[in-house]
Each structure stands twice: as structure tokens, then as C-alpha cells.
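Asks: quick one, fold the following:
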Amino acid sequence: MCVLIGGGMMAAGAIGKTFTHGGVTNPVEAKARRDEVVQVVKDDPAMLAAYQRGRETLSGFLAVNENRPPNSRAFAVKIPVRDGNMVEWFWVNNFVRDGDQFRGAINNVPRSVRTVREGQDVRFTRSDIVDWMYMHDGRLKGGFTSCALLNKDPNVQARTALIRKLGMDCDV
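Replies: As a prediction, this is how the structure comes out:
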């Protein structure tokens, strides 16, 4: 079984204002701007490690989200959406706690599942969250699944340049 992983860095707000220079020449950056979706096998070791790191650090992220520091923006969490046997992962922004759950807006265009649409308000639990990200002082915090996907790109020079531009810590 494969799962679809939306890059979502553009949709989640990590890319956009960060890259204000003219023309995109970095092919990895161009993929991120197009919000390309990558098929990953269900038990991909890099993705499983990214999910684990996201979950292990989630409490700290949620605390930061509750008391957002100055110069921070683009807070998002990644959750699965299922449609039959298909699973597609989405970044959700504008999320808030709602009792024992959270709710927020789907921030990518669905490519395979038909049960949600971009901008749709969805409810989810803490256990659904596998990753998180936000921008702080021009650096991307979190985004462990994005790092796992970037590290799979064969263009080492381009992916390294994008990781540096975003100030990502991609030791996943």
C-alpha cells in the first residue's frame, strides 16, 4: 500500500514570503512551489522516523502554538485523510483546540482522496497529528516529513540549497 504525502510547504506558508527573489531555478524548490505529491510506501523508514520525531516533539510545539512568539507565523500540523484504502496526508492550518479535539483548514489540494477539499474545516485528534511546522525568524521549525521527502530527492545540491534557505534541521 502506498500513501500520498503532500509536500505542502508552499501551502502551509513555509515557502512564499521566504522566497521573494525572481525566477525559480532550483528544481527542488520548484517542486515545493508546485506542491507536488510524492507516493511513499506505508512502511518507509525515513517517513516513519519523521512521524516519530513529530509525535515526540508535539507537546512542545502545541505549547509554542498557545503562546506564539514574535516573528512567528505559518503554524500547521499534518494529519491523514482516508478515503477507502487510500491515505493522503495534509497540512492543516488555522487549527485550534476544540475540547478533546482540534479543528482547522485543509491546506493542500487533494490529489487522490475525495472526502475533503482545500480550505475545508476538519476535526481531528492529537493522535492524528504526525508532524508540525511553523516559521520563526525566517527559519522553518519542525517539518520532519518535509525533510524526509527532501532527503529522498536525488538532486543533492538543489535539496541542500532549499534546506539552507528555509533554515531547516533535516537530520531525520
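Asks: what's around residue 64, how many residues?
Replies: Residues near residue 64, counting by other Cβ atoms under 10 Å, number 17. Every residue, glycine included, has its C-beta placed from N, CA and C.
Asks: what of the one 3 residues further on?
Replies: As a burial measure, the neighbour count of residue 67 was computed by other Cβ under 10 Å and equals 6.
Asks: how close does it sit to residue 60?
Replies: 12 Å (Cβ to Cβ, to the nearest Å).
Asks: again with residue 80
Replies: 22 Å.
Asks: what do you get for residue 118?
Replies: Remark: distance between residue 118 and residue 60 (Cβ to Cβ) = 29 Å.
Asks: again, but for residue 148
Replies: Taking Cβ to Cβ, one finds residue 148 at 20 Å from residue 60.
Asks: looking at those two, which is more packed in?
Replies: Neighbours of residue 148 and residue 60, each counted by other Cβ under 10 Å, are more numerous for residue 148; the result is 24 against 12.
Asks: which of the helices or strands spans the more buried one?
Replies: Element membership for residue 148, per DSSP states H and E: helix 144-150.
Asks: pull the CA atoms of that helix into PDB?
Replies: In PDB, the C-alpha atoms belonging to helix 144-150 read as follows (Å, rounded to 0.1, in the frame of the first residue of the first chain):
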ATOM      1  CA  PHE A 144      10.100  16.500   9.700                       C
ATOM      2  CA  THR A 145       8.100  14.800   6.900                       C
ATOM      3  CA  SER A 146       9.200  17.600   4.500                       C
ATOM      4  CA  CYS A 147      12.800  16.900   5.500                       C
ATOM      5  CA  ALA A 148      12.300  13.100   4.900                       C
ATOM      6  CA  LEU A 149      10.900  13.900   1.400                       C
ATOM      7  CA  LEU A 150      13.600  16.400   0.600                       C
END
